[in-house]
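# Below is the structure, and that's it, no one-letter string:
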């Protein structure tokens, strides 16, 4: 049993910093299968995430059926073409070169939703900010992401999708809000620098640009 009074030493802190720094948005996967228990272990850790009113509004749907996965691919291809059409010049050229999804390679694919109709938590913290349910789901996604990375898995968050099409592919109830589509598998390579930065799409700014005291 976990010791609630456990103190974390400097070695753990160093490894934790490495974990955060090495968490990457993975788009390139090997063809190696992932043991279902490994995914379940990561999901169990995600289920420990904080949630508004202890509502646990996250809903994870694993897509295995080829037809459902193809519906996701079709949605991505359409949305990606629409996005490409909005860019001009160098940005359009660079966008066309980006690898923006791992839908054809990832052995495990998870659609993640927020159940906005859940009665768990008795609406605590959601009456004035109903969006807190979705925010809670994001904390669970990040926890899953870190857990997966700690076990050597890669995760890619695909956001170039039509939420309605994803909901339809997953038979999601009307009260479920689509939050993320995750591609999970063994990464082809590990890197410290985000791929978008490596390819020159964008760079990471220093924290000083986003933090101030009032």
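Looks like it came in fine. As the structure is a computational prediction, the values presented were derived from the model and not from experiment.
# Skipping adjacent residues, who's closest to residue 107 in space?
residue 185 (4.9 Å; CB to CB, 6 or more residues apart in numbering). C-beta coordinates here come from the backbone N, C-alpha and C atoms, glycine included.
# My read is that the one you found contacts residue 27, right?
No: the pair residue 185 and residue 27 fails to qualify as a contact (CB atoms under 8 Å) at a distance of 10.5 Å.
# who touches both of the two?
Jointly contacting residue 185 and residue 27 under the rule CB atoms under 8 Å, 6 or more residues apart in numbering are residue 102.
# Those two: which has the busier surroundings?
residue 185 (24 against 21; other CB atoms under 10 Å).
# Any idea what the more buried one is bridged to?
Beta-bridge partners recorded for residue 185 (DSSP bridges): residue 154.
# distance of it from residue 28?
The spacing between residue 185 and residue 28, counted by CB to CB, to the nearest Å, is 9 Å.
# Need the residues touching each of the two.
By CB under 8 Å, 6+ apart, the residues touching both residue 185 and residue 28 are 102, 105.
# By mean pLDDT, point me to the weakest helix or strand of this protein.
Across the helices and strands of the chain, mean confidence by mean pLDDT, DSSP states H and E is lowest for helix 195-198: a mean of 88.
# Show me which residues of it are buried.
Neighbour counts over helix 195-198 (16 or more other CB atoms under 10 Å) mark 195, 196 as buried.
# All the helices of the chain, residue numbers only.
All helices of the chain, identified by DSSP state H, fall at 10-22, 36-46, 66-84, 89-97, 132-150, 163-169, 195-198.
# Lowest average confidence across those, which one?
Across these, helix 195-198 has the smallest mean pLDDT, namely a mean of 88.
# Give me the residues contacting that one.
With CB under 8 Å, 6+ apart as the test, helix 195-198 has contacts from 24, 25, 27, 98, 99, 191, 202, 203, 204.
# Out of these, show me where the pLDDT dips lowest.
Of all of the contacts of helix 195-198, residue 191 carries the lowest confidence score, 79.
# my read: residue 106 touches residue 187, true?
No: judged on CB under 8 Å, residue 106 makes no contact with residue 187 at a distance of 10.2 Å.
# Who's the closest spatial neighbour of the residue nearest to the spatial centre of the chain, skipping the chain neighbours?
In the chain, the C-alpha closest to the average C-alpha coordinate belongs to residue 157, at a distance of 4.2 Å (CA atoms, centre = their mean). In this structure, residue 157 finds its nearest non-sequential neighbour in residue 180, 5.4 Å apart by CB to CB, 6+ apart.
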